[in-house]
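*Asks:* Could you look at this predicted model? Sequence included:
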Amino acid sequence: MSTAVDFDDYLKSLGRLTSHVDPTAATPEAERIVEATGRLGGLLDTDITGLAAWVRDNPNDVPVLGLAVGLSQEKLKNALRDRFDTSGWHGLARTQPVELVTWLDAEFDLVRMLRTQMERTYTFADILVARAGTRATATRAGASGRRIEDEIEDIARDLGLDYTTRSRFAGRNGRTAPADLIVGDPNSADIVVAAKGFDSTGSKLTDAVREIEEMAEVRLPTQLVLAVIDGIGWKSRQSDLRRIHQLWATRQIDGMYTLVTLDRFRADVAEFARLRRLI
DNA sequence: GGAGGGAACCACGATCCTGT
DNA sequence: ACAGGATCGTGGTTCCCTCC
């Protein structure tokens, strides 16, 4: 066993793990996009029929159509699962090419997007804007995260409740757990709510479940624990969603809602608050 | 090939810390 | 006491890998 190195020395010895990538370098992925786009340009007419034949013949290149309408590969997968119950575009392109293209057109204006973009002349600035895209998506992610939180906060405010957002509440044995909305004093909370909306998938959904399980574990029997869960991302993480639903089914949490059932959320919160003489 | 899961990414608000 | 930079914690999204 070697002796511990001084922390500052250790800090100084940390190095970069990844190398810088030349953005103009050719990659296999770039090649594929170039070729697929070329084949798109060879279409006699950019319409549903022509595109359906194109995806049938080029099932691997469906993501290029996604890119054309502003869908990243992951966004495309999640949208496909929402509509077709599978994220596998390859199979869809071969077995239901017309349905696939028709849906892309109805939902994302595929035909018009292709026609206008393929004839447009792009500038250097356009390239840089596209490269900066990840920042824009991160900003949107933050906004959509607050969407559900804002909705439930509006309800709490509207009901005239005293509440705290994005904090921790105390339950049994002085233990605490995080919550997105806490009604009452966080040290003796009456109602705690988790708000988890995801349109994409990832281990964050598992984190969200862990958080709700923690709430259920810490809660006092007298505390009302509710979860507002929405977003198509859960369709690709059903085992996680099931765990939350199971908590509800076994009464470890008291309610589970989507945005369209928020009226019930409101009614349930109002009823509990009246019973507790909070309003 | 497709499903599922884990880690990395960028942004933002709240809070901490520091120099004035 | 206070302004403002640094840091922390949390948000959803994207990428990548493994397993069937």
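*Replies:* Everything's here; your move.
*Asks:* Can you get me a residue count around the closest residue to DNA strand C within the stretch 1-150 of chain A?
*Replies:* Nearest to DNA strand C in the stretch 1-150 of chain A, going by CB to the nearest atom of the strand, is A:G145, at a distance of 2.8 Å. Every C-beta, even on glycine, is put in place using the N, C-alpha and C of the backbone. The number of residues packed near A:G145 is 17, by other CB atoms under 10 Å.
*Asks:* helices or strands up against the helix or strand where it lies?
*Replies:* Element membership for A:G145 (DSSP states H and E) is helix A:133-158. Using 3 or more CB pairs under 8 Å, 6 or more residues apart in numbering; DSSP states H and E, the elements in contact with helix A:133-158 are strand A:163-170, strand A:176-183, strand A:191-197, strand A:224-230, helix A:262-275.
*Asks:* so what secondary structure elements neighbour the longest one?
*Replies:* It stands for helix A:262-275. Helix A:262-275 packs on helix A:133-158, strand A:191-197, strand A:224-230, strand A:255-257, going by 3+ CB pairs under 8 Å, 6+ apart.
*Asks:* quick one: which of the ones you listed is nearest DNA strand B?
*Replies:* So among those, helix A:133-158 is nearest, using CB to the nearest atom of the strand, at 2.6 Å.
*Asks:* List the residues that contact the closest residue to A:L226 other than its chain neighbours.
*Replies:* Excluding the flanking residues, the one nearest A:L226 by CB to CB, 6 or more residues apart in numbering is A:G255, at 4.3 Å. Residues counted as contacts of A:G255 (CB atoms under 8 Å, 6 or more residues apart in numbering) are A:224-227, A:248, A:264-265, A:268.
*Asks:* same thing but 7 Å
*Replies:* A:226, A:265, A:268 (CB atoms under 7 Å, 6 or more residues apart in numbering).
*Asks:* What's the first helix or strand after the helix or strand where A:T116 lies?
*Replies:* In the assignment (DSSP H and E), A:T116 maps to helix A:110-118. Proceeding N to C from helix A:110-118, the next assigned helix or strand is helix A:124-131, under DSSP H and E.
*Asks:* Give me the average confidence score over the helix holding A:T116.
*Replies:* Here helix A:110-118 scores 92 as its mean pLDDT.
*Asks:* Show me the domain layout of chain A.
*Replies:* Chain A breaks down by automatic domain parsing into domains covering A:24-120, A:140-275.
*Asks:* Make TSV from those and add distance to A:V129 to it.
*Replies:* Formatted as TSV, those follow (distance: least, CB to CB, whole Å):
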stretch	distance to A:V129
domain A:24-120	13
domain A:140-275	15
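*Asks:* before we move on, the earlier item: next, see if the helix holding A:G145 gets close to DNA strand B.
*Replies:* Yes - shown here: helix A:133-158 in contact with DNA strand B (CB under 7 Å from any atom of the strand) through A:134-135, A:138-139, A:141-142.
*Asks:* Same list (the residues you listed) but as a markdown table, adding distance to A:D154.
*Replies:* Below are the residues of helix A:133-158 next to DNA strand B laid out as a markdown table (distance: CB to CB, whole Å):
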| residue | distance to A:D154 |
| --- | --- |
| A:T134 | 31 |
| A:R135 | 28 |
| A:A138 | 25 |
| A:T139 | 22 |
| A:A141 | 21 |
| A:G142 | 18 |
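*Asks:* Can you say which of those residues are also within reach of DNA strand C?
*Replies:* Near DNA strand C, by the rule CB under 7 Å from any atom of the strand, you find A:134, A:138, A:141-142 out of those.
*Asks:* quick check, the lowest-mean-pLDDT helix or strand in chain A touching DNA strand B?
*Replies:* Lowest mean confidence among the helices and strands of chain A (mean pLDDT, DSSP states H and E): helix A:7-12, at a mean of 72. No - contact of helix A:7-12 with DNA strand B (CB under 7 Å from any atom of the strand) is absent, the minimum separation being 14.6 Å.
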